[in-house]
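# Dropping the sequence and predicted coords here.
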Amino acid sequence: MRVLAVVQARMSSSRLPGKVLRDLGGAPVLDWVLRAAETATGVDGTVVATSTDPSDDVLVDHARQRGVEVVRGSHQDVLGRFLLAVQAHPCDAVIRLTADCPLLDPALISLVAAAWRSDPGWEYVATTLHRSLPRGLDVELVRRDVLEQLDVDAHAHHRLHVTSLLYTHPQGRRLLGLSVSPDAADLRVTLDTAEDLDLLTELVQRTGNRVVGWGELVALLRADPALVARNAGVGQKPLTAG
């Protein structure tokens, strides 16, 4: 069974353009995400899925210089890009990662991959079905045949969010949600705004630019409410907003 990590990335973010190549502790944000995927166990390959828009040329150049495979597809059809990735790099399941989550924990990626490998009958395995982790540590796995069926069934915003049709319409599906305790779903370590970048920059300075496990990260944030407050007012866009 082959598991492929697909990192979706683009340069044209509306709230913080070019965020995935912003410097974070001396390396582009994208490189943090790729490092997490590449060091996780149970993952057999990593691909960056971006668009054919000229604004993403610089992203493609960076990924290829780093030795990472790239596929390019429609700017508005992210699901279509994932299909291109699995066609170019055959696999049995895909781990979906987003390039604006630099503090991804390789142990969580490994856990999701291991849970699916223990029972490949699961169509979807994710840390987001029952959210208990900080936003920005999300890991999702979808079986390839299910991804191909989504290509037929998904429309509108569901094509932008790739897997959203599965968890908004779960009837008849075999979905596995992985949760942790204590709950930390109120925390935010993803990158959408300048406030997010400010918090992330402070975090990596405090941790010495190393990969930090989710438990240590949560403990660090809980110990400093002023740090958490830096991006506490940033809202997540609704699914229908794209």
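Received the coordinates, thanks.
# pLDDT score assigned to the closest residue to residue 12 other than its chain neighbours?
Leaving aside its sequence neighbours, residue 12 sits nearest to residue 55 (CB to CB, 6 or more residues apart in numbering; 5.3 Å). (C-beta placed from N, C-alpha, C; glycine too.) Note for residue 55: predicted pLDDT of 97.
# ok so residue 55 is a helix residue?
Yes: counting by DSSP: H, G, I helix; E, B strand; the rest coil, residue 55 is part of a helix.
# I'd like the numbering to begin with 896 instead of 1 from here.
Got it, first residue is 896 now, which makes that one residue 950.
# Quick check: it vs residue 904, distance?
The gap separating residue 950 from residue 904 is 12 Å, by CB to CB, to the nearest Å.
# and the two? which has more neighbours close in?
Per other CB atoms under 10 Å, whichever of residue 950 and residue 904 has more neighbours is residue 904, with 28 against 14.
# Is that one in contact with residue 923, as I believe?
No: Residue 904 lies out of contact with residue 923 (CB atoms under 8 Å); the separation is 10.3 Å.
# shared neighbours, those two?
Common contact partners of residue 904 and residue 923 (CB atoms under 8 Å, 6 or more residues apart in numbering): residue 915.
# Near residue 1115, how many residues? Count them for me, please.
For residue 1115, using other CB under 10 Å, the count is 15.
# And whatever helix or strand it lives in, what does it pack against?
In this assignment (DSSP states H and E), residue 1115 forms part of helix 1109-1117. For helix 1109-1117, the packing partners by 3 or more CB pairs under 8 Å, 6 or more residues apart in numbering; DSSP states H and E come out as helix 1089-1102, helix 1120-1123.
# which stretch among those helices comes nearest residue 910?
With distances scored as CB to CB, the stretch of the helices and strands packed on helix 1109-1117 nearest to residue 910 is helix 1089-1102 (8.5 Å).
# What segments of the chain are strands?
Secondary structure of the chain (DSSP state E): strands at 898-903, 918-919, 922-923, 940-946, 964-968, 988-993, 1019-1021, 1035-1038, 1070-1072.
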